[in-house]
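**Student:** Quick check, what structure comes out for this input:
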Amino acid sequence: MNTAAKRKTSLTLNADSLDAAREYGVNVSAVADKALEQAVAKARHQKWLEENADAFAAQAIWHENNDHPLADIMTGPAGETWNP
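**Tutor:** Next comes the predicted model:
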């Protein structure tokens, strides 16, 4: 259950889409709230990737130079080093 505080706002929406939503009983507020939640999550993730790009690049370089510390056990179930 989402108990976050609600706040009224004003939106400008495509009239045909809004009319169709009303005709079919679509909860426009719920749809807008979910779409906004998803857009914020995507923006937050993108910002995190950008903020950490240098660290990812440094890690990739380190792995290129030193291999992965667990490379000898990073195989699939059919691999030679797999011990279930």
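
**Student:** Spatially central residue for the protein, please.
**Tutor:** In the chain, the C-alpha nearest the mean C-alpha coordinate belongs to residue 42, at 4.9 Å (C-alpha atoms, centre = their mean).

**Student:** Next, work out how far apart that one and residue 17 are.
**Tutor:** 21 Å (C-beta to C-beta, to the nearest Å). Glycine gets a C-beta too; all of them are placed from N, C-alpha and C.

**Student:** what's the answer for residue 47, then?
**Tutor:** Taking C-beta to C-beta, one finds residue 47 at 29 Å from residue 17.

**Student:** Then residue 9?
**Tutor:** For residue 9, the distance to residue 17 equals 18 Å [C-beta to C-beta].

**Student:** Looking at the two, which is more packed in?
**Tutor:** Using other C-beta atoms under 10 Å as the criterion, residue 9 and residue 17 rank with residue 17 on top: 11 against 8.

**Student:** now that one: how far from residue 32?
**Tutor:** Taking C-beta to C-beta, one finds residue 17 at 11 Å from residue 32.

**Student:** repeat for residue 57
**Tutor:** 37 Å.

**Student:** Also residue 62?
**Tutor:** Distance from residue 62 to residue 32, by C-beta to C-beta: 44 Å.

**Student:** Also residue 19?
**Tutor:** Residue 19 is 16 Å from residue 32, by C-beta to C-beta.

**Student:** quick one: low-confidence parts of this protein?
**Tutor:** Judged against pLDDT under 70, the low-scoring parts of the chain cover residues 1-2, 74-84.

**Student:** Restrict the longest helix that the chain contains to CA atoms and write it as PDB.
**Tutor:** Counting residues, the longest helix in the chain under DSSP state H turns out to be helix 28-51. Presented in PDB, the C-alpha positions along helix 28-51 are these (Å, rounded to 0.1, in the frame of the first residue of the first chain):
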ATOM      1  CA  VAL A  28      -5.600   9.200 -15.300                       C
ATOM      2  CA  SER A  29      -4.100  10.200 -11.900                       C
ATOM      3  CA  ALA A  30      -2.900   6.700 -11.200                       C
ATOM      4  CA  VAL A  31      -1.400   6.300 -14.700                       C
ATOM      5  CA  ALA A  32       0.400   9.700 -14.500                       C
ATOM      6  CA  ASP A  33       1.700   8.900 -11.000                       C
ATOM      7  CA  LYS A  34       3.100   5.500 -12.200                       C
ATOM      8  CA  ALA A  35       4.600   7.000 -15.300                       C
ATOM      9  CA  LEU A  36       6.200   9.800 -13.300                       C
ATOM     10  CA  GLU A  37       7.500   7.200 -10.800                       C
ATOM     11  CA  GLN A  38       9.100   5.200 -13.700                       C
ATOM     12  CA  ALA A  39      10.600   8.300 -15.300                       C
ATOM     13  CA  VAL A  40      12.200   9.400 -12.000                       C
ATOM     14  CA  ALA A  41      13.600   6.000 -11.500                       C
ATOM     15  CA  LYS A  42      15.100   6.000 -15.000                       C
ATOM     16  CA  ALA A  43      16.500   9.500 -14.500                       C
ATOM     17  CA  ARG A  44      18.000   8.500 -11.100                       C
ATOM     18  CA  HIS A  45      19.600   5.400 -12.700                       C
ATOM     19  CA  GLN A  46      21.000   7.400 -15.600                       C
ATOM     20  CA  LYS A  47      22.500  10.000 -13.200                       C
ATOM     21  CA  TRP A  48      24.000   7.200 -11.100                       C
ATOM     22  CA  LEU A  49      25.600   5.600 -14.200                       C
ATOM     23  CA  GLU A  50      27.000   9.000 -15.200                       C
ATOM     24  CA  GLU A  51      28.300   9.800 -11.700                       C
END
